[in-house]
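> Sequence and predicted structure are below.
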Amino acid sequence: MSDSHDNCHAVRRAVRFFKDKKCELVIHAGDFVAPFAARELEHILCPVKAVFGNCDGEKRGLEETIQPFGEIKNAPLVFSHQDRTILITHIHVSVDKYAASRKYEIIVFGHTHKPEIREAHGTLLINPGETGGWLSGKSSVGLLDLSTWEAEIVFL
């Protein structure tokens, strides 16, 4: 998920979706905006990995809110999950450069509010679009099954 922009109603729909799918990890590619919106993610019941976006001004509050169930860092955040190397960033302009390095199997990014799934240099690139739905009127998230390598954009 990405770009939730304080839309708690949309975040709650995403939380229900992730719980129904029994997700093992949720990634947020930035722009929660305020800690009260991030607090909704504690109900997912799985770890959350996140990066700050350009609209996340209250960074300390976001860190304190997310710390009990996950982590939020400045982008890029690189980690391993199920033996896959994943990079999360918010701003999309470096995504192709990161992919060209061939260091990452998956890159999740946001900022454009436009859902996208593509491959570049053997790296799967996923922009889940805007969970908040403020610009397009459509809330979306991405879903990736690591066992089948199937990725999809889901409109909530």
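Right, received. Where do you want to start? Numbering: from 1, shown residues only.

> Helix or strand: which one has residue 62?
helix 59-66 (DSSP states H and E).

> Following the chain onward from that helix, which element is next?
Next helix or strand after helix 59-66 toward the C-terminus (DSSP H and E): strand 70-73.

> Can you list the strands that that following strand pairs with?
Using DSSP bridges, strand 70-73 pairs in its sheet with strand 48-51 (parallel).

> Any buried residues in the strand it pairs with, and which?
For strand 48-51, a neighbour-count test (16 or more other C-beta atoms under 10 Å) marks 48-51 as buried. C-beta here means a position set from N, CA and C on the backbone, and glycine is covered the same way.

> try stretch 25-40
Within stretch 25-40, the residues that count as buried by 16+ other C-beta under 10 Å are 25-35, 37-40.

> now swap in stretch 83-94 and tell me
Quick answer for stretch 83-94 (16+ other C-beta under 10 Å): 86-92.

> Sort out which residues of the helix holding residue 62 are buried, please.
Within helix 59-66, the residues that count as buried by 16+ other C-beta under 10 Å are 61-63, 65-66.

> for it, packing partners?
In terms of contacts (3 or more C-beta pairs under 8 Å, 6 or more residues apart in numbering; DSSP states H and E), helix 59-66 is packed against helix 35-38, strand 70-73.

> Which one, of those, ends up nearest to residue 44?
Between residue 44 and the helices and strands packed on helix 59-66, the shortest gap by C-beta to C-beta is with strand 70-73, which sits at 9.0 Å.

> Spatially central, which residue of this structure would that be?
Taking C-alpha atoms, centre = their mean, the centroid of the chain lies closest to residue 28, which sits 2.5 Å from it.

> Going along the chain, name the helices of this protein.
In the chain, the segments counted as helices under DSSP state H are 8-20, 35-38, 59-66, 95-100.

> Kindly reformat those helices as JSON lines containing mean pLDDT and distance to residue 145.
Converted to JSON lines, the helices of the chain look like this (pLDDT from 0 to 100; distance: least, C-beta to C-beta, whole Å):
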{"stretch": "helix 8-20", "mean pLDDT": "97", "distance to residue 145": "13"}
{"stretch": "helix 35-38", "mean pLDDT": "95", "distance to residue 145": "25"}
{"stretch": "helix 59-66", "mean pLDDT": "97", "distance to residue 145": "24"}
{"stretch": "helix 95-100", "mean pLDDT": "97", "distance to residue 145": "21"}
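
> Distance to residue 75 for the ones you listed - can I get that in JSON lines?
Converted to JSON lines, the helices of the chain look like this (distance: least, C-beta to C-beta, whole Å):
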{"stretch": "helix 8-20", "distance to residue 75": "20"}
{"stretch": "helix 35-38", "distance to residue 75": "16"}
{"stretch": "helix 59-66", "distance to residue 75": "12"}
{"stretch": "helix 95-100", "distance to residue 75": "10"}
